[in-house]
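Undergrad: Structure of the sequence below:
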Amino acid sequence: MTYKSEKSAKLLPVKTASTVLLAISVSATTAFPVFARTTAQNKQLISQNTQKVEITLVTYAVTKAAYSKIIPQFVAKWKREKGQDVVIRESYGGSGSQTRAVIDGLPADVVALALALDTKKIEQAGLINRGWEKEAPNNSIITRSVVALETRPGNPKGIKTWNDLIKPGVKIVTANPKTSGGARWNFLALWGAITQNGGNETQALNFVQQVFRNVVVLPKDARESSDAFFKKNQGDVLINYENEVILAAQQGKTDTSYVVPSTNISIEGPVAVVDKNVDKRGTREVSEAFVKFLFTPEAQREFAKVGFRPVNPTVTKEVQNKFPRISKLYTVGTLGGWDAVQKKFFDDGAIFDKIQSRKR
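TA: Residues are numbered from 1 along each chain as shown. Modelled structure (predicted):
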């Protein structure tokens, strides 16, 4: 399939993966060198080398397709190099709900969430050490994506750019950024469509207000947004992640067109070791090794296959023609970073609340 920037691409119904918890393990017979030892020594050696180690990965739902390929590769690599079986338990769900679950006691060893703000909440709860961003390559960002606009088959409303969202009669579906991490990326993409193209913040506010006047349903999360658009046939355009659109097309779940605006925000997914948990359970070594593995070409290729834009330079070059070109790509750092963004846009009484109050 060819994906073209700001041109329609025929696709095929987004269903967000349900929360699951499963274990993957690789078993193999461990061979030991033969030389003189006491029986006790031999038993101790065998016990140390065959004992399984278990860790838990807590992540957001749409990553499941990638991890289903990545985890077996890491398990096999660990077995070859360490002679030890590793079981990686996986928990999938909305990034916000996963964050709350970890804070409330879900024993995560590694968290790979939809936005750094969620990881910072776990840090603030005392489970992750400060400075986690510097503990892994690329400031701990393992995946990137951008915002796409999904339309009805054939794009009957002619949605090609951000400005088309404010046309009279265009009905928009997007999740609520007060309750959905993904929807915050959507909001920031709308804001940056103006400020990153020479506009000032007054103009950006006016534009985003006009967009939200056309929003006909504001579900609490991305899953409900997709259900509203596809199952309930609400709206003319769904604001969504590019990777979700691509994955859904691969799985034959959508019948829609989409565009990727050429001014866009880099949706960055971070990974972190949950320090308090790994130190308590003695799983730091394997957890850190797993995080490191996620940046390798092997893992990054699996992310790219399911629609994420890779962060590994080698893989980026390999797949550069598979993604629409973005002429102006900015980050949340361009807008001041997550702490500033949260306070400015999404805290109670901040810009988003004011926009909603003006709609009423």
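Undergrad: hey, let's count contacts and neighbours off CA atoms from now on
TA: Noted.
Undergrad: So Phe346 versus Gly199, what's the distance?
TA: Between Phe346 and Gly199 the computed distance is 21 Å (C-alpha to C-alpha, to the nearest Å).
Undergrad: and if you look at Gly307?
TA: Note on Gly307: its distance to Gly199, by C-alpha to C-alpha, is 31 Å.
Undergrad: need the strands for the stretch 101-250 of the chain, in chain order.
TA: Remark: strands assigned in the stretch 101-250 of the chain by DSSP state E, counting those that start in this stretch are 110-112, 141-145, 147-151, 172-173, 215-217, 237-241.
Undergrad: will you turn these into JSON lines that also has mean neighbour count and distance to Arg223?
TA: What follows is those, written out as JSON lines (neighbours: other C-alpha atoms under 10 Å; distance: least, C-alpha to C-alpha, whole Å):
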{"stretch": "strand 110-112", "mean neighbour count": "26", "distance to Arg223": "18"}
{"stretch": "strand 141-145", "mean neighbour count": "23", "distance to Arg223": "17"}
{"stretch": "strand 147-151", "mean neighbour count": "27", "distance to Arg223": "14"}
{"stretch": "strand 172-173", "mean neighbour count": "26", "distance to Arg223": "12"}
{"stretch": "strand 215-217", "mean neighbour count": "18", "distance to Arg223": "13"}
{"stretch": "strand 237-241", "mean neighbour count": "24", "distance to Arg223": "10"}
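Undergrad: For the residue nearest the centre of the chain, grab phi and psi.
TA: The residue lying closest to the centre of the chain (C-alpha atoms, centre = their mean) is Ala114, at 3.8 Å. The phi and psi torsions at Ala114 (degrees, to the nearest 10) take the values phi -80, psi -20.
Undergrad: what helix or strand does Asn277 sit in?
TA: Assigning secondary structure by DSSP states H and E places Asn277 in helix 275-281.
Undergrad: Could you list the buried residues of that helix?
TA: Residues of helix 275-281 classed as buried by neighbour count (16 or more other C-alpha atoms under 10 Å): 275-278.
Undergrad: hang on, the earlier thing: list the contacts for the residue nearest to the centre of the chain?
TA: For Ala114, the contact set (C-alpha atoms under 8 Å, 6 or more residues apart in numbering) comprises 59-60, 95, 181-182, 268-270.
Undergrad: returning to that earlier point: please say which of Gly307 and Gly199 ends up with more neighbours.
TA: Neighbour count, other C-alpha atoms under 10 Å: between Gly307 and Gly199, Gly307 has more, with 25 against 13.
Undergrad: ok, and the closest non-adjacent residue to the more buried one?
TA: Nearest residue to Gly307, sequence neighbours excluded (C-alpha to C-alpha, 6 or more residues apart in numbering): Asn243, at 4.1 Å.
Undergrad: List the contacts of the one you found.
TA: Neighbours of Asn243 in contact, by C-alpha under 8 Å, 6+ apart: 145-146, 306-309.
Undergrad: low-scoring pLDDT stretches of the stretch 151-300 of the chain, where are they?
TA: For the stretch 151-300 of the chain, applying pLDDT under 70 flags no range at all.
Undergrad: Adding distance to Val87, write the buried residues of helix 275-281 out as CSV.
TA: Compiled in CSV, those are given as follows (distance: C-alpha to C-alpha, whole Å):
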residue, distance to Val87
Asp275, 19
Lys276, 20
Asn277, 16
Val278, 14
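Undergrad: For burial, what's the neighbour tally of the closest residue to Leu190 other than its chain neighbours?
TA: Nearest residue to Leu190, sequence neighbours excluded (C-alpha to C-alpha, 6+ apart): Val208, at 6.3 Å. Close neighbours of Val208, defined as other C-alpha under 10 Å, add up to 22.
Undergrad: residues contacting Val208?
TA: 187, 190-191 are the contacts of Val208 under C-alpha under 8 Å, 6+ apart.
Undergrad: Is it possible to get TSV of those that adds neighbour count and distance to Ile70?
TA: Below are the contacts of Val208 laid out as TSV (neighbours: other C-alpha atoms under 10 Å; distance: C-alpha to C-alpha, whole Å):
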residue	neighbour count	distance to Ile70
Phe187	23	31
Leu190	23	33
Trp191	22	35
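Undergrad: From those, which land in helices?
TA: Among the contacts of Val208, the ones falling in helices (DSSP state H) are 187, 190-191.
Undergrad: for these, which one is nearest Gln251?
TA: The nearest member of those to Gln251, counting by C-alpha to C-alpha, is Phe187 at 27.3 Å.
Undergrad: and that closest one, what does it touch?
TA: Residues near Phe187 by C-alpha under 8 Å, 6+ apart: 177, 208.
Undergrad: Any stretches of the stretch 1-150 of the chain with poor pLDDT?
TA: Ranges of the stretch 1-150 of the chain meeting pLDDT under 70: 1-50.
Undergrad: can you pull out the helices in it?
TA: Counting by DSSP state H, counting those that start in this stretch, one finds helices in the stretch 1-150 of the chain at the ranges 39-50, 64-82, 95-103, 116-124.
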